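Asker: Pasting the sequence and the predicted model now:
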Amino acid sequence: MALLPETLQDGQLELRRWRPAFVDDMLSAVTLSFADLELWMPWAQSVPSAQELRGVLSEGQTAFDGDREWNYALFERISGELVGSAGLHRDEDPDCPEIGYWVRSDRTGRGYATTAARTLAGAAFAYLADVGRVKIRMDQANLASAAVPPKLGFELFGEENREIAARGQTGQGFVWVLDRAKWTAAAG
Ligand SMILES: CC(C)(COP(=O)(O)OP(=O)(O)OC[C@H]1O[C@@H](n2cnc3c(N)ncnc32)[C@H](O)[C@@H]1OP(=O)(O)O)[C@@H](O)C(=O)NCCC(=O)NCCS
């Protein structure tokens with residue numbers, strides 16, 4: 001059994017682990033959001049086919065069960081619609097996993113990315129005993145993404161050079177980090 005739960009709930013969102021069965025709703029959300037995703041997300045340089053996306057979701061399922069990364073679709077509780085995706089990835093840095101997120105373009109500005117990041121940070125500290133810190137990284141030009149971590153108590157840990165892999169990117173990144181001790185103190 002995977003270390004993280006199949007579903008997580010916080011406020012207006014329910015996070016459900018990726019399933020290939022989400023392919024149609026996920027493809028609709030990606031298609032609707034393509035102009036925003038294409039600017040920032042290396043994986044979104046073209047709209048995937050349903051078959052490609054089903055494969056991605058299936059690989060995500062394997063990674064979830066293998067405790068390498070835990071990806072969740074974001075479901076809006078009031079409508080039941082799939083409104084984005086968020087994940088916790090520890091392949092690169094097991095001691096400090098990374099949170100990533102995207103939100104369907106017609107649902108941005110409602111705090112959903114912040115809610116998803118808060119939920120995943122809390123889950124990391126609750127279910128991964130060896131994890132002392134989590135991080136969020138983004139290109140410095142991605143102002144909406146960079147507004148999320150400070151709302152949750154993340155501190156700016158540093159800046160980094162990144163490969164430019166999408167049209168909006170500058171190659172200059174921010175790295176934000178949240179300590180378990182700070183999270184626990186805030187939870188209180
Ligand atoms: C970045 C993204 C995830 C934000 O999702 P969201 O649900 O709108 O985020 P939230 O509502 O939780 O918070 C966004 C914050 O950014 C702020 N913001 C939005 N656009 C901004 C801008 N151009 N300049 C400065 N701040 C901005 C919002 O005001 C909000 O802050 P507030 O709550 O203090 O008002 C969403 O725009 C998205 O999916 N973008 C495309 C994919 C992407 O960039 N993913 C992140 C890759 S690192």
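Answerer: Nice, thanks for sending it over.
Asker: Name the residues of the chain found near the ligand, please.
Answerer: By the rule CB under 6 Å from any ligand atom, the part of the chain lying against the ligand is 36-37, 40-41, 101-103, 108-114, 138, 142-145, 147-148, 151. All C-beta spots, glycine's among them, are computed from the backbone N, C-alpha and C.
Asker: can you do 5 Å?
Answerer: With the criterion set to CB under 5 Å from any ligand atom, the chain comes near the ligand through 36, 40, 101-103, 108-109, 111-114, 138, 143-145, 147.
Asker: K182 contacts G153, doesn't it?
Answerer: Yes - contact criterion CB atoms under 8 Å: K182 and G153 qualify, at 5.8 Å.
Asker: Mind checking which of the residues of the chain next to the ligand are buried?
Answerer: Burial by neighbour count, judged by 16 or more other CB atoms under 10 Å, picks out D36, W40, Y101, W102, V103, T108, Y112, A113, T114, M138, S145 from the residues of the chain next to the ligand.
Asker: For my notes, confirm the last one occurs in a helix.
Answerer: Yes - residue assignment for S145, taken from DSSP: H, G, I helix; E, B strand; the rest coil, places it within a helix.
Asker: thinking it is in contact with K151, fair?
Answerer: No - the pair S145 / K151 is not scored as a contact, 11.6 Å apart, by CB under 8 Å.
Asker: what two of the residues of the chain next to the ligand have the greatest distance between them?
Answerer: Comparing all pairs in these by CB to CB, the longest separation belongs to W40 and G111, at 18.8 Å.
Asker: what's the helix or strand for T119?
Answerer: helix 112-127 (DSSP states H and E).
Asker: and that helix, what other elements does it pack with?
Answerer: strand 7-10, strand 13-17, strand 69-76, strand 82-89, strand 98-103, strand 133-139, helix 148-151, helix 180-187 (3 or more CB pairs under 8 Å, 6 or more residues apart in numbering; DSSP states H and E).
Asker: Mean pLDDT added to these, as a markdown table?
Answerer: Output for those, formatted as a markdown table (pLDDT from 0 to 100):
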| stretch | mean pLDDT |
| --- | --- |
| strand 7-10 | 96 |
| strand 13-17 | 98 |
| strand 69-76 | 98 |
| strand 82-89 | 98 |
| strand 98-103 | 98 |
| strand 133-139 | 98 |
| helix 148-151 | 98 |
| helix 180-187 | 90 |
